[in-house]
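Enquirer: here you go, sequence then predicted model.
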Amino acid sequence: MISGALFALTGVDVGTSFASIAWRLALLGLGIGTVLTPMTATAVASVPYQQAGMAAAGNNAFRQVGGALGPAVLGALLSTKALDTLPGHLTDAGVTGATQRGIVSTADSSGLGAVAHMNLGADTGRALGALSESFLDGMRLCLVVAGSLTLLAALVCVLLLRRPRQDAASPSAPVAGGNTAGTGTATPVAAPAVDPARNR
C-alpha cells in the first residue's frame, strides 16, 4: 500500500489538482498507519517477556535512525537530481547564456530556493518554471527510491516472518498415586517422614 502510494505520487506535476494529490496522500497515510503498530507488536512478541522492554527500545531506536537518515539521504538525492536537470529545463524554457549560468551557480551554492530571490527581469517566470520542473524530477527520483525500498522491505517480511507454531499441549503433571498415562503403572508416593522421638 505504501509502495503503491509512493509510485502513484510520481505522476504529480505542476498542474495536478489538490483532489488528485489528496487520495495519494490518504493511501500513503493509511499504509503507514497499518504498519507501525504491527511492527512494534512483532518486535515485542518475538522475544521472551523479560526482554520486551529491550525489544521495544530497539524498535524505537531503529525507527528514529531511519527518520533521521531517510530525509537526509532523499534530500541529497533530490538536490543532486534537480541541479543536474536544471540547465536542460532552462534551455528548454529559453533561458540561456549568462543568465542560465548565474541561475545554476546560485542554485548550486545557495540552494534551489535562492533562485526565487534573484532579479531576473523578463526571464523570471520562465526560470521559475524550469526550476519547478527540476524540483519535480528530483522528487520523482526520491519517490521511486522510497517506493522500491518499501517494496523490498515488504518482500523481506514475507520471506522471513513466519507464523509461530502452536506448541503441542503438554501432558498434565502426574497425580500422586495415580496411574501413568499409557502404562497402567501406579506412580509411587513418597512415604511421610517418621520422627523417632515420637515413638519413644
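Expert: Received the coordinates, thanks. Quick caveat: nothing in here was measured; it's all calculated off a predicted structure.

Enquirer: give the other helices and strands that the helix or strand of the chain with the lowest mean pLDDT contacts.
Expert: Within the chain, no helix or strand scores below helix 18-45, which has a mean of 86 by mean pLDDT, DSSP states H and E. Here helix 18-45 touches helix 2-9, helix 52-93, going by 3 or more Cβ pairs under 8 Å, 6 or more residues apart in numbering; DSSP states H and E. C-beta here means a position set from N, CA and C on the backbone, and glycine is covered the same way.

Enquirer: and that helix, what's buried?
Expert: Neighbour-count burial for helix 18-45, with 16 or more other Cβ atoms under 10 Å as criterion, is recorded at 24, 27, 28, 31, 35, 43, 44.

Enquirer: again, but for stretch 121-129
Expert: 123, 126, 127, 128, 129.

Enquirer: follow-up on the earlier one: can you put the helices and strands packed on helix 18-45 in a markdown table and add mean neighbour count?
Expert: Converted to a markdown table, these look like this (neighbours: other Cβ atoms under 10 Å):
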| stretch | mean neighbour count |
| --- | --- |
| helix 2-9 | 19 |
| helix 52-93 | 15 |
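
Enquirer: show me where pLDDT drops low in the chain?
Expert: Low-confidence segments of the chain, defined by pLDDT under 70: 162-200.

Enquirer: the residue sitting nearest the centre point of the chain: helix or strand, and which one exactly?
Expert: Among the residues of the chain, the one closest to the centroid is residue 150, at 6.4 Å (Cα atoms, centre = their mean). Assigned by DSSP states H and E, residue 150 belongs to helix 124-160.

Enquirer: among the buried residues of helix 18-45, which one sits closest to residue 84?
Expert: residue 24 (25.6 Å; Cβ to Cβ).

Enquirer: that closest one and residue 8 touch, don't they?
Expert: Yes - in this structure, residue 24 is within contact of residue 8 by Cβ atoms under 8 Å, at 4.8 Å.
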